[in-house]
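1. Sequence plus the predicted model coming up.
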Amino acid sequence: MPYVPHTEDEVREMLAAIGVASIGDLFAEISAEMRPASFDIPEGLSEMEVLARLEALAGKNAIDRTSFLGAGFYDHYIPAAVDALTMRGEFYTAYTPYQPEASQGTLQAIFEYQTAVTRLLGMECANASVYDGGTALYEALMMAVRKTRRRKIIVSEGLNPIYRVMLGSYTSNLDLELVTVPHLDGQTDLAGLTAALDDDTAAVLVQNPNFFGAINDFTDLFAAARARGAVAVISAYPVLQALLKTPGEMGAAVAVAEGQSLGLPLSFGGPYLGIMTCTKEMIRQMPGRIVGRTVDDEGRTGYVLTLQAREQHIRRQKATSNICSNQSLCALRALVHMCALGELGLKRAARLSVERAHLCAERLTAIPGVSMLTKGPFGNEFAVNLPVNAFTVIARLTERGFVPGFPLGRYYEGLENGLLVACTEKTSEEQIGIFAEMLRGVLR
């Protein structure tokens with residue numbers, strides 16, 4: 001049975017009703033050379049055959065490798081309660097809460113998520129999430145442009161290069177000037193960022209820890225940005241925020257994050273979660289959904305969408321963004337994950353991740369020819385210089401079941417021997433020991 005359940009008679013009837021002789025006539029405006037020669041769609045299969053094929057394809061995935069790969073996405077332990085609760089039908093199938101009287105459960109869950117992430121990042125307000133960390137960073141940039149009516153953006157090269165590519169793509173036709181301040185051997189150039197600020201600057205964009213794993217305190221930089229009338233934007237790593245000075249304490253105006261590390265498994269590029277928080281001063285520039293708590297005529301607590309700046313609502317073409325969907329289920333998973341761990345559990349996961357990374361750095365740099373690229377304090381991720389090209393090491397160790405990290409040469413010229421290594425609470429001391437010995441063997 002075809003996917004479209006219309007008989008040939010019904011198709012002819014519909015074509016006659018709109019005055020078209022054939023299906024082909026519907027595409028007459030598309031020139032012949034622009035039409036596909038064939039969609040190359042295979043014959044249909046039964047449910048049993050489809051299931052067998054998908055199982056065979058899934059069986060090809062190498063799921064038993066030990067990974068030290070991070071670069072913005074991390075393999076943290078997810079409590080069983082996260083799946084058990086978020087896979088309930090009322091959550092898993094919930095859609096847009098346009099009618100608050102019928103969506104109180106969904107709206108309350110989103111409100112609680114907003115509350116949790118603002119506490120985690122030390123900020124005043126949050127939206128109900130956007131697509132991913134890179135999208136959130138772009139939206140933060142545009143918040144600054146609207147707020148200041150300026151066009152110049154200062155970007156640290158220590159920002160995740162994947163995000164910097166996204167920023168370049170999203171802003172390519174927006175008449176914005178993106179000024180990138182180079183890193184200093186993996187360190188964020190605080191002096192360079194401060195010097196780049198001027199009266200035309202809309203925002204300064206930084207990351208903590210930066211892409212190389214280095215930890216910074218941006219309090220002075222953010223104060224300098226405010227003095228120039230610029231908006232201070234920071235991309236944070238949620239798990240480590242349990243230990244680090246928060247963006248709010250540093251004086252950030254907008255703080256964003258990739259929420260994958262909070263209860264979302266690594267799965268071929270998504271789905272991810274863009275966390276967005278800001279000061280109250282910036283709230284009217286924030287895109288997407290914002291859920292507020294109020295009371296009804298009888299004084300009962302109720303939850304509603306508030307400050308509706310989306311294009312689907314009253315703002316129309318004046319909307320702050322054309323984002324139409326938040327990642328509700330992903331946001332819910334982040335909320336349940338944080339609640340399941342609690343403050344102490346989140347701090348313990350962060351501490352273990354940092355401890356394992358420092359142990360790993362100690363073991364790797366004990367190998368002749370391997371040295372630290374990341375200088376100063378670092379969290380659960382660090383960069384090392386190898387005596388050979390990092391791609392070579394990655395290829396050889398991956399074949400043997402260990403993914404050693406991320407090759408910095410992919411995005412940073414001159415760092416072809418640089419390897420970015422990440423650990424989480426799931427990384428065991430035994431795995432670190434095996435990794436070190438395998439690397440020693442490859443470099444002999």
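-> It's in. Predicted, not measured: the structure shown is a model, and the values here were computed from it.
2. What values do phi and psi take at the closest residue to Ile283 other than its chain neighbours?
-> Residue nearest to Ile283 in three dimensions, not counting chain neighbours: Cys125, with 4.8 Å by Cβ to Cβ, 6 or more residues apart in numbering. C-beta here means a position set from N, CA and C on the backbone, and glycine is covered the same way. Dihedral angles phi and psi of Cys125 (degrees, to the nearest 10) take the values phi -140, psi 160.
3. Might one say that Cys125 is in contact with Arg284?
-> No - the pair Cys125 / Arg284 is not scored as a contact, 10.0 Å apart, by Cβ atoms under 8 Å.
4. Could you pick out the longest helix of the protein?
-> In the chain, taking DSSP state H as the definition, the longest helix is helix 328-365.
5. elements contacting that helix?
-> Applying 3 or more Cβ pairs under 8 Å, 6 or more residues apart in numbering; DSSP states H and E, one finds that helix 328-365 contacts helix 80-86, helix 89-92, helix 104-121, strand 371-372, strand 381-385, strand 418-422, helix 429-443.
6. Which one's more surrounded, Cys125 and Arg284?
-> Neighbour tally, Cys125 and Arg284, criterion other Cβ atoms under 10 Å: the higher count belongs to Cys125, 18 against 13.
7. So what's the predicted local confidence for Val206?
-> As predicted, Val206 sits at a pLDDT of 98.
8. try Ser38
-> Per-residue confidence (pLDDT) for Ser38: 80.
9. Count the neighbours of it for me.
-> When neighbours are counted by other Cβ under 10 Å, Ser38 comes out with 5.
10. Can you classify it by secondary structure?
-> Following DSSP: H, G, I helix; E, B strand; the rest coil, Ser38 is assigned to coil.
11. so how far is Val179 from it?
-> Look at Ser38 and Val179: by Cβ to Cβ, to the nearest Å, they are 48 Å apart.
12. so where do the strands sit in the stretch 1-150 of the chain?
-> In the stretch 1-150 of the chain, the strands defined using DSSP state E, counting those that start in this stretch lie at 66-67, 125-126.
13. Please identify the deepest-packed of those strands.
-> By mean neighbour count, with neighbours taken as mean count of other Cβ atoms under 10 Å, strand 125-126 ranks first of these at a mean of 23.
14. which other residues reach that one?
-> Residues outside strand 125-126 that contact it (Cβ atoms under 8 Å, 6 or more residues apart in numbering): 113-115, 117-118, 275-280, 282-283, 286, 290.
15. Now it: average pLDDT?
-> Averaging pLDDT along strand 125-126 yields 97.
16. Run me through the strand neighbours of that strand, direction for each.
-> strand 274-278 (antiparallel) (DSSP bridges).
17. next one: the worst-scoring helix or strand of the chain on mean pLDDT to chain centre, how far?
-> When the helices and strands of the chain are scored by mean pLDDT, DSSP states H and E, helix 89-92 comes last with a mean of 84. Helix 89-92 sits 23 Å away from the centroid of its parent chain (Cα atoms, centre = their mean, to the nearest Å).
18. Name the residues that touch it?
-> Helix 89-92 is contacted from outside by Leu85, Thr86, Gly105, Thr106, Ala109, Leu329, Leu332, using Cβ under 8 Å, 6+ apart.
19. weakest of the helices and strands packed on helix 328-365 by average pLDDT?
-> Here the lowest mean pLDDT among these goes to helix 89-92, at a mean of 84.
20. Give the buried residues for that one.
-> Neighbour counts using 16 or more other Cβ atoms under 10 Å place Phe91 of helix 89-92 among the buried residues.
21. Could you give the bridge partners of the residue nearest to Ile283?
-> Cys278.
22. how close does it sit to Thr294?
-> 16 Å.
23. what does Phe39 give?
-> 51 Å.
24. what do you get for Lys147?
-> Distance check for Lys147 against Thr294: by Cβ to Cβ, it reads 26 Å.
25. okay, those two: which has more neighbours?
-> Taking neighbours as other Cβ under 10 Å, Lys147 and Thr294 compare with Lys147 leading, 19 against 11.
26. Run me through the strand neighbours of the lengthiest strand in the chain, direction for each.
-> The longest strand of the chain (DSSP state E) is strand 201-208. Based on DSSP bridges, the pairing partners of strand 201-208 within the sheet are strand 152-156 (parallel), strand 231-236 (parallel).
27. so which of those strands comes closest to Phe378?
-> Set against Phe378 and scored by Cβ to Cβ, these come closest in strand 231-236, at 15.0 Å.
28. Would you check that Cys423 makes contact with Phe378?
-> No - counting by Cβ under 8 Å, Cys423 stays clear of Phe378, with 10.8 Å between them.
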